[in-house]
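A.B. asks: mind folding the following:
(chains A, B, C and D)
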Amino acid sequence: MVTVRVQTAPFDQANEIDALLDSQKGGGGLVTFQGLVRMKNGPVSIRSLTLEIYPGMTERVVSRFAHEAKERFHLDACLVIHRYGRLLPGEPIVLVATHAPHRQAAFESACYIMDHLKTRAPFWKYEETDRGGRWIEQNSADIDAVRSWHA
Amino acid sequence: MVTVRVQTAPFDQANEIDALLDSQKGGGGLVTFQGLVRMKNGPVSIRSLTLEIYPGMTERVVSRFAHEAKERFHLDACLVIHRYGRLLPGEPIVLVATHAPHRQAAFESACYIMDHLKTRAPFWKYEETDRGGRWIEQNSADIDAVRSWHA
Amino acid sequence: MTVVYFAWVREQVGSGREEFPLPDDVTTLDGLLDWLTHKSPGHKQALSDRNGLRFAVNLDYADPQSPISDKDEIAIFPPVTGG
Amino acid sequence: MTVVYFAWVREQVGSGREEFPLPDDVTTLDGLLDWLTHKSPGHKQALSDRNGLRFAVNLDYADPQSPISDKDEIAIFPPVTGG
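C.D. replies: Numbering: from 1, shown residues only, chains lettered A, B, ... in the order given. Model prediction:
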């Protein structure tokens, strides 16, 4: 099972995980990653993080990565929920959950999906701080990380 | 914050994660791993998995790994709950949650803790199936995995 | 054709979406970018460093060398920052 | 001293816990294992392959060469399988 949602609404990690586990009784390992809006950028307090998407393309790209991960790592199930719009510090941005017979596959597939979300999925982050706003730039470490999956 | 519990009782992943996130508002990435009793060993149905511990030593060793992980990966928080006693297929065995400013540290530390739980923490698993019972043997891939952290 | 812009490209262009007929002599994404550069100072600023931009044609990532047609939806945006 | 056994070692020995005075001439874990081997056929069977066993002295992993004393709690068990 692959589930992908791109939404403004908050999600409840517990409900999502319960639904994923109920959907297929497989045992094994479940890895989740939850990304949260940070409170500080160095000494500067963050007021909000606004995510812009490309409606249509964003869902399509995220869904492709989720299916690729399911194939490549032989997952039982894979869930990606990614929010957009204006979020406050501490709010969840993204939830990735992967379920596999072996823990290594669950860990690697969750990393794989996150590395691709960071560098290939059409989301753009605008951070508003006490000292003004800025569009966040792509991180070179993230680019190296995603390349390593396709070396 | 480091929390370690070795217990027979089930745990509620949602409550545990909420408590962990409430305890420190840091943003960043939260990785969880949940291990579940498998349903099948190849074609053979599993009836139960019973975990034996060494009371005193088990908590001590798990706690040491959790603290090592917190230092090594600069975690904001680290939670390990490991059950023992008789568990049924599909039941959760272990919950590891790591929270760090950067996702890579959260992923790696959760792997680090799982690799050490698999190979160094005093737990022994007895699997009861339709064809009888057996003590599960240590996996050589797990031994390689834990060594790679100390190479 | 339709051209859509996102993030600071959208801000500098001053619009998220433009529709117009495929300009004469434009057959590739690169050619479209040349043409758009002359549309306004905002377009010129937004498109000045093409290496710093990413492109899609009909919801798939595309190179500047990609052929384009009047029926296409072209997207121009900065490197993405999801997750 | 106290000796505790776990998993199939416990089953083969037939007990999870034994208490007795430190035997004469025993100064190391290895020496204790030699002595225990003669205690019963179950002990002999459980301890026959020392490379397949793990040991702890007072709740810390220990090598067979470790010195031991009458106040120690010694643990003998198979490789662990947690997680």
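
A.B. asks: what about the strands in chain C?
C.D. replies: For chain C, strands defined by DSSP state E occupy the ranges C:2-5, C:17-19, C:54-57, C:60-61, C:73-77.

A.B. asks: so for chain D, which of these sits nearest?
C.D. replies: The closest of those to chain D is strand C:60-61. By C-beta to the nearest C-beta, the value is 39.7 Å. For every residue, glycine as well, the C-beta is placed using N, CA and C.

A.B. asks: picking up where we left off before, would you turn the strands of chain C into TSV with mean pLDDT, mean neighbour count and distance to chain B?
C.D. replies: Converted to TSV, the strands of chain C look like this (pLDDT from 0 to 100; neighbours: other C-beta atoms under 10 Å in any protein chain shown; distance: least, C-beta to the nearest C-beta, whole Å):
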stretch	mean pLDDT	mean neighbour count	distance to chain B
strand C:2-5	98	21	29
strand C:17-19	98	12	33
strand C:54-57	98	20	22
strand C:60-61	98	14	23
strand C:73-77	98	21	23
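
A.B. asks: for residue B:90, which of those strands is the nearest?
C.D. replies: Minimum separation from residue B:90 across the strands of chain C (C-beta to C-beta) falls at strand C:60-61, 40.3 Å.

A.B. asks: for the strands of chain C, which one sits closest to residue B:82?
C.D. replies: Set against residue B:82 and scored by C-beta to C-beta, the strands of chain C come closest in strand C:60-61, at 44.0 Å.

A.B. asks: centroid-nearest residue for chain A?
C.D. replies: The residue lying closest to the centre of chain A (C-alpha atoms, centre = their mean) is residue A:94, at 4.2 Å.

A.B. asks: same list (the strands of chain C) but as TSV, adding distance to residue A:14.
C.D. replies: Converted to TSV, those look like this (distance: least, C-beta to C-beta, whole Å):
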stretch	distance to residue A:14
strand C:2-5	37
strand C:17-19	39
strand C:54-57	36
strand C:60-61	35
strand C:73-77	35
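
A.B. asks: figure out which of those strands is closest to residue A:31.
C.D. replies: If you check each of the strands of chain C against residue A:31 by C-beta to C-beta, strand C:60-61 wins as the nearest, at 27.6 Å.

A.B. asks: note down every partner strand of the closest one and its orientation.
C.D. replies: strand C:54-57 (antiparallel) (DSSP bridges).

A.B. asks: contact partners of the strand it pairs with?
C.D. replies: Defining contact as C-beta atoms under 8 Å, 6 or more residues apart in numbering or on different chains, one finds that strand C:54-57 is touched by A:54, A:57, A:122, C:29, C:61-64, C:66, C:68, C:72-80.

A.B. asks: so who does the closest residue to chain D within chain A touch?
C.D. replies: Residue of chain A nearest chain D, by C-beta to the nearest C-beta: residue A:103 (7.6 Å). Contact analysis of residue A:103 by C-beta under 8 Å, 6+ apart lists A:28-29, A:31, B:33, B:35, B:114, D:83.

A.B. asks: quick check: phi and psi on whichever residue of chain A sits closest to chain C?
C.D. replies: In chain A, no residue comes nearer to chain C than residue A:123, which is 3.2 Å away by C-beta to the nearest C-beta. Backbone geometry at residue A:123, expressed as degrees, to the nearest 10, gives phi -130, psi 140.

A.B. asks: bridging residues for it?
C.D. replies: With DSSP bridges as the rule, residue A:123 is bridged to residue A:53.

A.B. asks: wait, it touches residue A:51, no?
C.D. replies: Yes - under the contact definition of C-beta atoms under 8 Å, residue A:123 touches residue A:51, with a separation of 5.3 Å.

A.B. asks: next, show the common contact partners of the two.
C.D. replies: A:84, C:82.

A.B. asks: ok, residue C:3 to residue A:86 distance?
C.D. replies: From residue C:3 across to residue A:86, the span is 26 Å (C-beta to C-beta, to the nearest Å).

A.B. asks: got the end-to-end distance for stretch A:37-46?
C.D. replies: One end of stretch A:37-46 to the other measures 9 Å (C-alpha to C-alpha, to the nearest Å).

A.B. asks: ok, back up a step: now pLDDT, distance to chain C and neighbour count too, for the contacts of residue A:103, in JSON lines please.
C.D. replies: Shown next, in JSON lines, are those (pLDDT from 0 to 100; distance: C-beta to the nearest C-beta, whole Å; neighbours: other C-beta atoms under 10 Å in any protein chain shown):
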{"residue": "A:28", "pLDDT": "90", "distance to chain C": "25", "neighbour count": "19"}
{"residue": "A:29", "pLDDT": "95", "distance to chain C": "22", "neighbour count": "25"}
{"residue": "A:31", "pLDDT": "97", "distance to chain C": "15", "neighbour count": "27"}
{"residue": "B:33", "pLDDT": "97", "distance to chain C": "19", "neighbour count": "25"}
{"residue": "B:35", "pLDDT": "96", "distance to chain C": "25", "neighbour count": "24"}
{"residue": "B:114", "pLDDT": "98", "distance to chain C": "23", "neighbour count": "27"}
{"residue": "D:83", "pLDDT": "93", "distance to chain C": "27", "neighbour count": "24"}
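
A.B. asks: backbone dihedrals for the closest residue to residue A:119 other than its chain neighbours, please?
C.D. replies: Nearest residue to residue A:119, sequence neighbours excluded (C-beta to C-beta, 6 or more residues apart in numbering or on different chains): residue A:146, at 4.4 Å. Main-chain torsions, residue A:146, degrees, to the nearest 10: phi -70, psi -30.
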